[in-house]
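Engineer: Sequence and predicted structure, then a few things I'm wondering about:
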Number of protein chains: 2
Amino acid sequence: MKPENRLLDRIDHEILAALQNNARQSNKELAASIGLAPSSCLERVKRLVHDGIIRGFHADVDPKALGITLEALVFVRIVRHQRELMEALWAHLAAQPEVRDLYDVAGSHDLVVHVAVRDVEHLRRLVAEQIAGRAELGQLETSLIFQHRRSNQLPDYGHEHAAPARGRHG
Amino acid sequence: MKPENRLLDRIDHEILAALQNNARQSNKELAASIGLAPSSCLERVKRLVHDGIIRGFHADVDPKALGITLEALVFVRIVRHQRELMEALWAHLAAQPEVRDLYDVAGSHDLVVHVAVRDVEHLRRLVAEQIAGRAELGQLETSLIFQHRRSNQLPDYGHEHAAPARGRHG
DNA sequence: GGTTTCATCCGATTTCAATTCGGTGGCGCG
DNA sequence: CGCGCCACCGAATTGAAATCGGATGAAACC
């Protein structure tokens, strides 16, 4: 079933919150923390994954450990808005290993690119060779990131119209 | 040991790559995929977590399933750069559940805030009540996000100066 | 050059968790 | 009011995680 069609109940929301916080807790722990039998809990988790509500499980690695000493936001403005050029640029940037986040936005910039690089020279080369020098681009602005905080918990606006609990003990 | 002091070898890098891609594979699978005995593999993973190289494991949840229909980047410019005001603002924004990413950057903006909201009205209220109207702020610019792609794989610049394998079978 | 030291790995064993499956009760529907 | 369905449970089974002693080289040290 498609995510937009699925209706999640309170228990599903609790599972999602718990797994966003710690994806590696055992199913037994998870079940206990939300007051469900392990078998039932496992069923729900598998369903959430199967239905695409949970898109994956990822380790959060310290960038410093990978030799990343510098991150930056690159603000890109497009000169000629042609769909194919835009899509090609998007695909090109998404394929760069240095690109962590890629935003297509409305407003005074068109693209915002969050990159993680080895050092300043690496950043210079990346911007010069992979971003600038593309015909479709206008102004470029590169901003070094001093500090970055990422939340691992998505806000949850689904409680109001949540599905009622079903089955036994409802 | 601190991450900056730790020296990771080829196997560590393989483990990190594999767990960034799928944090929930069994240790047995992981070990097999990199050609290591399960016991040895588990030791390494536990060490990576203990040393802070791996900072956590998180489920990636579809925002639509949580009632999020809209995301935006809010660009913030600070008028008076005082450290305490800046830190208070940072903490305030970081505490908002709607804030997914918070960037402190150099350049023509000072803060870039990635927010996830229920709808346009929610965005308006969030910006008006939690961001604007703070004395320390200057210009504000809010850009709707049309599309957002996030890589779950951090680039790895650690191979060149990797630690040599130690112990048996080196 | 021989020896010591040490970190890593392995594999058998034990412990515990994941998975399966038949049974049960509430809820909606006819 | 009775029927069928759905989610849940809990016991049994399968399989993985965690532990530990021992073996192996590599590097360091005399």
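Structural biologist: Ah, there it is. Numbering: from 1, shown residues only, chains lettered A, B, ... in the order given.
Engineer: Start from the N-terminal end of chain A and give the helices.
Structural biologist: Using DSSP state H, the helices of chain A run over A:10-21, A:27-34, A:38-50, A:83-94, A:120-126.
Engineer: Now render those as a markdown table, adding distance to A:A59, mean pLDDT and mean neighbour count.
Structural biologist: The C-beta positions use only the backbone N, C-alpha and C, and glycine is treated the same way. Rendered in a markdown table, the data for the helices of chain A read as follows (distance: least, C-beta to C-beta, whole Å; pLDDT from 0 to 100; neighbours: other C-beta atoms under 10 Å in any protein chain shown):
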| stretch | distance to A:A59 | mean pLDDT | mean neighbour count |
| --- | --- | --- | --- |
| helix A:10-21 | 14 | 97 | 19 |
| helix A:27-34 | 18 | 98 | 16 |
| helix A:38-50 | 17 | 97 | 16 |
| helix A:83-94 | 21 | 93 | 14 |
| helix A:120-126 | 24 | 98 | 15 |
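Engineer: Leaving aside the residues adjacent along the chain, what's closest to A:Q153?
Structural biologist: Ranked by C-beta to C-beta, 6 or more residues apart in numbering or on different chains and with sequence neighbours excluded, the top spatial neighbour of A:Q153 is A:Q20, at 5.1 Å.
Engineer: ok so, going back, tabulate the helices of chain A in TSV, adding columns for distance to DNA strand D.
Structural biologist: Conversion of the helices of chain A to TSV gives the following (distance: least, C-beta to the nearest atom of the strand, whole Å):
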stretch	distance to DNA strand D
helix A:10-21	5
helix A:27-34	7
helix A:38-50	3
helix A:83-94	32
helix A:120-126	29
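Engineer: will you turn those into a markdown table that also has distance to A:D60?
Structural biologist: Shown next, in a markdown table, are those (distance: least, C-beta to C-beta, whole Å):
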| stretch | distance to A:D60 |
| --- | --- |
| helix A:10-21 | 11 |
| helix A:27-34 | 19 |
| helix A:38-50 | 19 |
| helix A:83-94 | 20 |
| helix A:120-126 | 22 |
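Engineer: Go through those helices and name the closest to B:H148.
Structural biologist: Taking C-beta to C-beta, helix A:83-94 is the member of the helices of chain A nearest to B:H148, at 10.9 Å.
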